[in-house]
Structures are given as C-alpha cells and as structure tokens.
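Undergrad: pasting a predicted model and its sequence here:
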Amino acid sequence: MRKIGAVAATFLLTASLTGCGALPVGRSAASPTPTAVAESRAAEAFAQESAYLSALRQQLRTTDFSSPQLWIDLGRAVCKGFDEAMTPKEMFDSLKDAGLSEPEASAVVVISGIHLCPEYAPTP
C-alpha cells in the first residue's frame, strides 16, 4: 500500500510541476511544415508564371499562346541559361535559332528575367 501511495504522490507532484497541460502550447510559427513550404513555393511559382504569361500576351498580341506550358518552359530555360552564365544576347540568339521571331525571342528573354527569375531582371 505504501508503494501505491508513493507512486500516486509522485504522479501528483509531477503533474503539478508540469502543469498537466494547463497552458496550451502552440506550434511555433518559425518552423513551418514541409507541406506548408511546398504549398507556398507552388503558389509563388504559379503567381510568377501567371504574371509572365500575362506580360507576354500584352507584348506579343498576335502570337499564339494556346500552349502556355510551352512558353513557361521557354522562360524557365532562359532562367537556366542565366544560371549557367549565358548572356541575354546568347539566350536571344538561341531562342531565335530555335524558331522564335525576333520580337518573341526578345520578349521571352526580358520578361523571363523580370517575372520568372527576377534575380536576373534587367536594370533600367
């Protein structure tokens, strides 16, 4: 019986010291879940791509944008080229050689730099 009393006393003492969860402990805002981080990145990429396509459509009013993923892929390729230290002129020439018109190639290079990879945005 003494053992049960000692165990009960220890339990009560421990419970009173820890507060038995009386104070709610929330998740720290400083450490988002991996899912939240992925969702945030996806939302940011979607916003960038939407702005990029919108700017291309404004600049190239007579161009066919029925396959928007193609244009997004071209823009992402421009960013990759910039990552690999290609110059805007080299990117322009590469797109032109791939079959884009001069206005299309120019718009893709400049607008990609502004919306898809702003770290390479042209300075005014």
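TA: It's in. Keep in mind that this is a model prediction, so the values were computed, not measured.
Undergrad: could you use CA atoms for every contact and neighbour count after this?
TA: Fine.
Undergrad: separation between the most centrally placed residue in the chain and Ser31?
TA: Centroid-nearest residue in the chain: Arg41, 3.0 Å away (criterion: CA atoms, centre = their mean). Using CA to CA, to the nearest Å, one obtains 15 Å as the distance from Arg41 to Ser31.
Undergrad: Leu116 too?
TA: From Leu116 across to Ser31, the span is 26 Å (CA to CA).
Undergrad: cool, Leu70 as well?
TA: Leu70 sits 36 Å away from Ser31, going by CA to CA.
Undergrad: do the same with Gln59
TA: 41 Å.
Undergrad: who are the contact partners of Phe82?
TA: Listed by CA atoms under 8 Å, 6 or more residues apart in numbering, the contact set of Phe82 reads 88, 120.
Undergrad: try it again at 10 Å.
TA: Neighbouring residues of Phe82 by CA atoms under 10 Å, 6 or more residues apart in numbering: 76, 88, 90-91, 109, 113, 117, 119-120.
Undergrad: ok, which pair from those is furthest apart?
TA: With CA to CA as the measure, no two of the contacts of Phe82 lie farther apart than Glu90 and Glu119, at 17.8 Å.
Undergrad: more neighbours, these two?
TA: Using other CA atoms under 10 Å, the more surrounded residue of Glu90 and Glu119 is Glu90, with 15 against 12.
Undergrad: centre of the chain to the strand or helix carrying Gln48, how far?
TA: Using DSSP states H and E, Gln48 maps to helix 34-59. Helix 34-59 has its C-alpha centroid displaced from the chain centroid by 7 Å (CA atoms, centre = their mean, to the nearest Å).
Undergrad: ok and the helix or strand that that helix is followed by relative to helix 34-59, angle-wise?
TA: Towards the C-terminus, the helix or strand next in line after helix 34-59, according to DSSP H and E, is helix 68-83. Here helix 68-83 runs at an angle of 100 degrees relative to helix 34-59 (axes from the mean of the first three to the mean of the last three CA atoms, to 10 degrees).
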